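Trainee: kindly generate the corresponding structure for this input.
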Amino acid sequence: MTPKRKPTRTVKVGNTAIGGENPIRVQSMTSTRTTDIDSTEKQIQELVEAGCELVRISIPDLKSLKAFEIIRKDFPHVPLIADIHFNHRLAILSIEKGADKIRINPGNINDKKKINEIIEAARINKKSIRIGVNSGSLESDIIDKYNGVFPEGLVESALRWIDYFTSRDFYDIVISVKSSSVPDTIKAYSLLSKKTDLPLHLGVTEAGPFLPGTVKSSIAMGYLLHEGIGDTIRVSLTDNPVKEVEVAWEILKSLEIRYNGPLLISCPTCARTRVNLMKIVEDVNKMLKKHTIPIKVAVMGCEVNGPGEAKDADIGVAAEPGYGLIFIKGKVVKRVKENEIVSAIEEEIIKMEEHK
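Mentor: Presented below is the predicted three-dimensional model:
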């Protein structure tokens, strides 16, 4: 059963809405140098094609801001978020140059007069702000209070800034309380979700390379999303950001929350397998990326796992030496040669798309 989300406010980021009754949004961040406009624009296009709905770009200096202004014009319909640290002028200028949202950690700026100027710029230009609190930049007084960095401190910092922003009648805010610790991330977001109705951006910061980063992100965000917590997600990987988007969608699909294409299930293989199942799965997975229909596709290595154990799949195959039994909702519809399995599955998908 799809988890019921905790109600939150709706915040607009360009033409995309976060929170409320809107879908959980997938976002990522470019890893190129922003000043390398061609590489950055290429990566933005790749992210969008992979299903990224909001793209964050780092603006560390004025040269990057000038590049961002060009990128903004070249991608007028993609929600772009400017990532700012320390320099409040860059935050204000990014808003003025067309950023749909800015991401700041107020603790890094640590000057309420400068924060006020950012709030006013966002208000005048009708832009939103993500208040990003994380374990690496927590205010010193909170660290002293808790004798270290703990989930309770992350939440206290977030609530402090929420109160400050809302006391100035500014509510176009998204909040994050990220940690590199999975248990701390889960606890922080769980605590925060009880204390605010602002939309929450989920993520595990500094999660690491592909495998450990995927595991950490899947556990933390999977748990929180299952509890109905979270309105937008970013999987942070030390890898190509396109993989972040792919993992994010797999998390959403596995929880049956949202689909951007078919969900693939396959057996792990064993001594009963008499075909090159790994190659078949690889080819099927590649083929499925061309389709957006939200169905379950099963690739099974023998008659034990399919269609029996995969009878709830919309389309599947149970492999046997040299052949594959194509089944729909547990019912075998045809027997094809091994080298025809992928095309036979795609043929059935196309039929479903035509009758959708």
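Trainee: quick one, helices of this protein?
Mentor: For the chain, the helices defined by DSSP state H cover 37-50, 62-74, 88-96, 106-109, 112-125, 140-146, 151-167, 182-193, 210-226, 241-254, 277-288, 341-354.
Trainee: could the ones you listed be laid out in TSV, adding mean neighbour count?
Mentor: All C-beta spots, glycine's among them, are computed from the backbone N, C-alpha and C. Shown next, in TSV, are these (neighbours: other C-beta atoms under 10 Å):
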stretch	mean neighbour count
helix 37-50	17
helix 62-74	17
helix 88-96	21
helix 106-109	20
helix 112-125	16
helix 140-146	13
helix 151-167	19
helix 182-193	21
helix 210-226	19
helix 241-254	22
helix 277-288	17
helix 341-354	16
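Trainee: lowest average confidence across the ones you listed, which one?
Mentor: When these are ranked by mean pLDDT, helix 106-109 comes last with a mean of 84.
Trainee: quick revisit: make TSV from the helices of the chain and add distance to M300 to it.
Mentor: Shown next, in TSV, are the helices of the chain (distance: least, C-beta to C-beta, whole Å):
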stretch	distance to M300
helix 37-50	27
helix 62-74	45
helix 88-96	51
helix 106-109	51
helix 112-125	52
helix 140-146	51
helix 151-167	42
helix 182-193	32
helix 210-226	24
helix 241-254	18
helix 277-288	8
helix 341-354	11
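Trainee: quick check: beta-bridge partners of the closest residue to A310 other than its chain neighbours?
Mentor: Spatially, and ignoring its direct neighbours in sequence, A310 is nearest to A298 (3.6 Å; C-beta to C-beta, 6 or more residues apart in numbering). Beta-bridge partners of A298, counted by DSSP bridges, are I265, G316.
Trainee: burial check on A298, number of neighbours?
Mentor: 26 (other C-beta atoms under 10 Å).
Trainee: quick one: pLDDT of it?
Mentor: Value listed for A298 in the pLDDT field: 95.
Trainee: also P321?
Mentor: 89.
Trainee: what's the spacing between it and T16?
Mentor: Distance of P321 to T16, given as C-beta to C-beta, to the nearest Å: 50 Å.
Trainee: these two: which has the busier surroundings?
Mentor: Neighbour comparison, P321 and T16: the larger count goes to T16, with 19 against 9 (by other C-beta under 10 Å).
Trainee: next, the closest residue to that one other than its chain neighbours: phi, psi?
Mentor: Distances taken as C-beta to C-beta, 6+ apart put P79 closest to T16, at 4.7 Å, once the chain neighbours are dropped. The phi and psi values for P79, taken as degrees, to the nearest 10, are phi -60, psi 120.
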